[in-house]
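Student: Structure for the following, please:
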Amino acid sequence: MAQPPILSWEGLGLQQGGRWLFGGPDQGGIDLHIGPRDRLALIGRNGAGKTTLFRLIDDRIEADRGQRKIKPGTRIVLLEQEPDFSSCETLMDFALIGPHAPAEHEVEAIAGQLGIDMATPAKGASGGERRRAAIAKALAQEPDLLLMDEPTNHLDLAAIDWLEGWLDRYKGAFVVISHDRTFLKRLTRATIWLDRGQLRRKEVGFGGYEAWEEQVYAEEARAAEKLDAKLKIEAHWLERGVTARRKRNQGRLEKLGQMRAQRAAMIAPKGTAKLGLATEEDFKSKSVIVAEKVSKSYDERTIIRDFTLRIQRGDRIGVVGANGAGKTTLLKLLTGEISPDAGSIEISKKLAGVMIDQQRSLMEADKTVRQVLAEGGDWIDVRGVRKHVQGYLKEFLFDPKVVDTKVGIMSGGERSRLLLAREFARKSNLLVLDEPTNDLDLETLDLLQEVIADYEGTVLIVSHDRDFLDRTVTLTLGLDGTGFVDIVAGGYEDWEAKRRQRSAPARAKGAGGRESGGGSGSSPSAPPPPPPPRSAKLSYKDQRDYEQLPARIEELDTAIARGEEILADPDLFTRDPQKFANISKGLENARAEKDAAEERWLELAELVEG
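Tutor: Got it, this is the predicted structure:
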């Protein structure tokens, strides 16, 4: 670490529920050091103690052992996953409470960029509004160390993009817990991994984490196999399952690519079917939901306009768009929960759906896992197949011993995983997932990807998790809030690429007319570009830097990600120490150049914007 840490924990240990959550006496405690410009991903399974570690760093709870050191004057701000709004009348009231409450005008400035009205009553605020308010409060405090617990939960894509930009320019240190792989890959430079009571650190961003994790598990498996003890090997069933699942999912991604190519061939202008792969009769016989020229409005605002789509058995469909764009309305139309104002929707009479949303709070806290899954018995019917409840728990990454644990003492992520286990057991041929990735750890996301890939029916997914959509869906429906629904074969990146292609000529013309094909409505899918900033008098060099630095920063981002990926190879140092040293030095230089370029561009932007 080039500079002294601003915060350290040495020999940290904490007991919870009569056991050591991490850093027990047999492990010698855990050590944590955070530097002034660290960008750290904190990784660990649900229940590993990630949120608890945040509270220890923020000095909200006391440890059972260890010493905490902090540089004088360091301001730590914790962005909680579920902050408490119960005592606040408005969102601004929430922002202005606490020992380090920010100035109101600072909160308003950030809230305006996030598109949130801080005068909104806290009691009736949505999850997205509360999340934006919490972010505005945290960032306005100008922290030296920012701790973020699932910051992208309840945020739409535009807000996530804004937050990524802010953090990219941020001059302090941050540690982030997130299931959003894209968010982590773009922002983090080092990874700390909380695993079975131990804390490991590696100087690579999240992009190199999975290779590192698999290397650690492989070394442990080799060590376990040398021991003449079956119980010792059995203790590694979960780790071996994680690695095997990840490898299987790579094969599933290849199959997903083939499915997308086939689906693309079926999408012609206005969503009708081409006949290159099958006869029209065969195509129609596989259709489970058929929408023809569907429109829906509320209070004179058009939510869906002239939408046509034929959904086939086996389609995996992702629905994306800003909060309020109409994703939930579209989902309710496609499942028959509401009727269109115009057009028609035909739903197969054989369709039997299961809706999985964020309803973990409805599971009774005093019930046990056994009661939730098997009504108190030992066996559960999983889509017509009888399984022992403890064996089924292992499929969802639970230790079978939790079978008699009460729901109320489980973490939020564990309750979400239990909800998935219960709902996936039901017999169905339509699966509807509304923001399924909230509160799930990365291993559970891999599991969910596998279950969706193996599901024999049709899947509808509403999500803001870009990586998850890229790994699971064959079609993406993109809503822009004007009623237009873009239909793209592929995942989030495919949809985003199409938006960029469409917005480029629209900007050149000064107005955006949509191109024909793959969608509906008469409005462009991308929002109009922002007005150009007011121009200040810049020198020739300043003007050139202002125009060219964003591209250079993007190049440096790519180079940094490439270097981190190479350094993720655990054998590189032993195999080629000179290459390791050269790449490490190159990474250091690239990061320094990027920091300088960002500072330079921000100075020029302030001049341009007056």
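Student: just checking, residue 598 touches residue 171?
Tutor: No: when contacts are counted by CB atoms under 8 Å, residue 598 is not listed as touching residue 171 (9.2 Å). To be clear about C-beta, it is placed using only N, CA and C from the backbone, and glycine gets the same treatment.
Student: neighbour-wise, which of these two wins?
Tutor: Between residue 598 and residue 171, counted using other CB atoms under 10 Å, the more crowded position is residue 598 (18 against 11).
Student: and the residue nearest to the spatial centre of the chain, what is it in contact with?
Tutor: The residue lying closest to the centre of the chain (CA atoms, centre = their mean) is residue 180, at 2.4 Å. Contacts for residue 180 (CB atoms under 8 Å, 6 or more residues apart in numbering) come out as 152, 160, 437, 465, 466, 467.
Student: can you give me the strands for the stretch 351-500 of the chain?
Tutor: Here the stretch 351-500 of the chain has its strands, by DSSP state E, counting those that start in this stretch, at 353-356, 379-382, 385-388, 430-434, 458-462, 475-479, 485-489.
Student: Could you dump the ones you listed into CSV with distance to residue 499 added?
Tutor: Shown next, in CSV, are the strands of the stretch 351-500 of the chain (distance: least, CB to CB, whole Å):
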stretch, distance to residue 499
strand 353-356, 28
strand 379-382, 40
strand 385-388, 42
strand 430-434, 23
strand 458-462, 18
strand 475-479, 7
strand 485-489, 8
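Student: For these, give me a markdown table that also has distance to residue 592 and mean pLDDT.
Tutor: Output for the strands of the stretch 351-500 of the chain, formatted as a markdown table (distance: least, CB to CB, whole Å; pLDDT from 0 to 100):
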| stretch | distance to residue 592 | mean pLDDT |
| --- | --- | --- |
| strand 353-356 | 46 | 82 |
| strand 379-382 | 54 | 92 |
| strand 385-388 | 55 | 91 |
| strand 430-434 | 43 | 90 |
| strand 458-462 | 41 | 94 |
| strand 475-479 | 38 | 93 |
| strand 485-489 | 39 | 91 |
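Student: Out of those, flag the one nearest residue 295.
Tutor: Nearest of the strands of the stretch 351-500 of the chain to residue 295, taken as CB to CB: strand 485-489 at 10.6 Å.
Student: Which other helices and strands does the closest one contact?
Tutor: In terms of contacts (3 or more CB pairs under 8 Å, 6 or more residues apart in numbering; DSSP states H and E), strand 485-489 is packed against helix 237-266, strand 301-312, strand 475-479, helix 492-509, strand 519-520.
Student: Strand partners (parallel or antiparallel) of it?
Tutor: Here strand 485-489 is paired, per DSSP bridges, with strand 475-479 (antiparallel), strand 519-520 (antiparallel).
Student: How about residue 318: what's its closest non-neighbour residue?
Tutor: Nearest non-adjacent residue to residue 318, counting by CB to CB, 6 or more residues apart in numbering: residue 473, 3.7 Å away.
Student: could you measure that neighbour against residue 449, distance?
Tutor: According to CB to CB, to the nearest Å, residue 473 and residue 449 sit 11 Å apart.
Student: more crowded one of these two?
Tutor: Taking neighbours as other CB under 10 Å, residue 473 and residue 449 compare with residue 473 leading, 31 against 21.
Student: Model confidence for the more buried one, exactly?
Tutor: Among the per-residue scores, residue 473 holds a pLDDT of 93.
Student: and if you look at residue 503?
Tutor: Note for residue 503: predicted pLDDT of 65.
Student: likewise residue 555?
Tutor: pLDDT, residue 555: 82.
Student: secondary structure element for it?
Tutor: Assigned by DSSP states H and E, residue 555 falls within helix 540-567.
Student: Need the contact partners of the helix or strand following that helix.
Tutor: For helix 540-567, the following helix or strand on the C-terminal side (DSSP H and E) is helix 572-575. With contact meaning CB under 8 Å, 6+ apart, helix 572-575 is reached by 566, 579, 580.
Student: on that earlier part again, where helices are concerned, which of the contacts of residue 180 count?
Tutor: If you go by DSSP state H, the contacts of residue 180 have 160, 466, 467 in helices.
Student: Assess the claim that the last one and residue 182 are in contact.
Tutor: Yes: counting by CB under 8 Å, residue 467 touches residue 182, with 4.6 Å between them.
Student: Thank you, goodbye.
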